[in-house]
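Visitor: what's the 3D shape of this:
(chains A and B)
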Protein chains: 2
Amino acid sequence: MPHISLPTFIPGIRSLVIYRPETGKYLYELVQLLLRGDSPLSTGERELIASYVSYLNNCQFCYQSHAAAARCLYGDKEKLVDEVLKDFTTASITTKLKTLLHIAGKVQKLGKEVQPEDIEAARAAGAEDRDIHDTVLIAATFSMFNRYVDGLGTTIPDNVSDYVAMGERMSSIGYVLPNQSI
Amino acid sequence: MPHISLPTFIPGIRSLVIYRPETGKYLYELVQLLLRGDSPLSTGERELIASYVSYLNNCQFCYQSHAAAARCLYGDKEKLVDEVLKDFTTASITTKLKTLLHIAGKVQKLGKEVQPEDIEAARAAGAEDRDIHDTVLIAATFSMFNRYVDGLGTTIPDNVSDYVAMGERMSSIGYVLPNQSI
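Guide: All right, here's what the predicted structure looks like:
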């Protein structure tokens, strides 16, 4: 049960942005720009970073929904999403993405965990400033969403299959405020 | 030295929002609304929560600047800012604020750390839904800012006294994007 009175039957972050649309507006605009706007990282790679950080933070709602979105975006290669969540070091992804996921994992712990050698490894694998910037900001942003969603005890969907529909919506129309009348 | 090429002589979050104003815009709008907009918590209380979480995350820039803003907002009672950072349980603040700082400290660790008994204690001390919501979202938001600021290795001011001017600006004009031509 949520820690405060939230709309019933609406899970996770969606219940919170309906509760407080004023802050919800900026949160959705931020995540839409970060995950769908201009970036050297593909939308699939960005969803993968969001899901990975949420997985490390044990936030079921965020990890499952963003994994579902990543699977849609990766299409034929959807299996690599679960490979990454299991162990990204052996997953069928580029070395560059591995170095960025390593940085994201450091940010999940704490900002100061990121060391110059982590950045050097990413640059050696082809990462440029914007790759590193976007990775750090996505990891930081999901460290926020995970805490907001779980810190207020929001509900999670009854069925794991519900995440499939969420992933389809997130990968096609992106992040738009839910209808407040729902 | 920052991990990516950022404007020189500009510390902390300000260097990041100049580097990437598109995301910076939403980050500043969010923090302005959260810390200065409508809330049952005073602006001083909200800055105190922001500073406390940043202190726990060992983010010098955020902790020092928001402590300076809180001192300005508390005026004659500015000493309680340092009391809170040292040990909020013995500080000269209300029981309600102590229970909210306790929740903020849980959120700093992870969202799931917040337990029903933490919420019950806050309600027993007079906290209502919006107090709890705003506390959790402020704590979550600074868990993001701290990771963004430190994860990219932004610089900190040369002199601790520089934070005094920052605190005055933050407490008077709030959070507005720095001039990009600076």
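Visitor: ok, residues contacting stretch A:143-152?
Guide: A:2-4, A:6, A:12-13, A:16, A:27, A:31, A:53-54, A:57-59, A:61-62, A:107-108, B:103, B:106-107, B:110-114, B:132-133, B:136-137, B:139-141, B:143-144, B:147 (Cβ atoms under 8 Å, 6 or more residues apart in numbering or on different chains). C-beta here means a position set from N, CA and C on the backbone, and glycine is covered the same way.
Visitor: typed the wrong thing, it's stretch A:126-139
Guide: Identification of contacts with stretch A:126-139 by Cβ under 8 Å, 6+ apart yields A:34-35, A:39-41, A:46, A:49-50, A:53, A:95-96, A:99-100, A:103-105, A:107-108, A:111, A:114, A:119, A:122, B:3-5, B:19-20, B:23, B:147-148, B:151-152.
Visitor: switch the cut-off to 7 Å
Guide: With Cβ atoms under 7 Å, 6 or more residues apart in numbering or on different chains as the test, stretch A:126-139 has contacts from A:34, A:39-41, A:46, A:49-50, A:53, A:96, A:99-100, A:103-104, A:107-108, A:119, A:122, B:3-5, B:20, B:23, B:147-148, B:151-152.
Visitor: Okay, and which of the residues you listed map to helices?
Guide: Applying DSSP state H to the contacts of stretch A:126-139, the entries found in helices are A:34, A:46, A:49-50, A:53, A:96, A:99-100, A:103-104, A:107-108, A:119, A:122, B:23, B:147-148, B:151.
Visitor: for chain A, which spans come out with low pLDDT?
Guide: Within chain A, the stretches with pLDDT under 70 are A:179-182.
Visitor: Enumerate the residues of it near chain B.
Guide: A:3-5, A:19-20, A:22-23, A:26-27, A:29-30, A:33-34, A:37, A:57-59, A:107, A:110-112, A:114, A:119, A:129, A:132-133, A:136-137, A:139-141, A:143-144, A:146-152 (Cβ under 7 Å from any Cβ of the partner chain).
Visitor: got the contact list for the residue nearest the centre of chain A?
Guide: Centroid-nearest residue in chain A: A:Ala50, 2.2 Å away (criterion: Cα atoms, centre = their mean). By Cβ under 7 Å, 6+ apart, A:Ala50 lies in contact with A:35, A:66, A:138, A:142.
Visitor: Now it. Nearest residue, chain neighbours left out?
Guide: Residue nearest to A:Ala50 in three dimensions, not counting chain neighbours: A:His66, with 4.3 Å by Cβ to Cβ, 6 or more residues apart in numbering or on different chains.
Visitor: thought that neighbour was touching A:Val53?
Guide: No: using Cβ atoms under 7 Å as the test, A:His66 is too far from A:Val53 to be in contact (9.0 Å).
Visitor: Which one's more surrounded, the two?
Guide: When neighbours are counted by other Cβ atoms under 10 Å in any protein chain shown, A:His66 and A:Val53 differ, and A:His66 comes out ahead with 31 against 28.
Visitor: What would the host helix or strand of the more buried one look like as CSV? C-alpha coordinates only.
Guide: In the assignment (DSSP states H and E), A:His66 maps to helix A:60-74. Written as CSV, here are the backbone C-alpha positions of helix A:60-74 (Å, rounded to 0.1, in the frame of the first residue of the first chain):
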residue,chain,number,x,y,z
GLN,A,60,10.8,-3.3,-9.7
PHE,A,61,8.5,-0.9,-11.5
CYS,A,62,11.3,1.2,-13.2
TYR,A,63,13.5,-1.8,-14.0
GLN,A,64,10.7,-3.9,-15.5
SER,A,65,9.1,-1.1,-17.5
HIS,A,66,12.3,0.2,-18.9
ALA,A,67,13.6,-3.3,-19.7
ALA,A,68,10.3,-3.8,-21.6
ALA,A,69,10.8,-0.5,-23.5
ALA,A,70,14.4,-1.5,-24.3
ARG,A,71,13.3,-4.9,-25.6
CYS,A,72,10.9,-3.2,-28.0
LEU,A,73,13.6,-0.8,-29.2
TYR,A,74,16.1,-3.6,-29.7
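Visitor: helices or strands up against it?
Guide: The helices and strands touching helix A:60-74, judged by 3 or more Cβ pairs under 7 Å, 6 or more residues apart in numbering or on different chains; DSSP states H and E, are helix A:43-56, helix A:79-87, helix A:129-151, helix A:162-172.
Visitor: how much does the third one deviate in direction from helix A:60-74?
Guide: This points to helix A:129-151. On the basis of axes from the mean of the first three to the mean of the last three Cα atoms, to 10 degrees, helix A:129-151 is oriented at 140 degrees to helix A:60-74.
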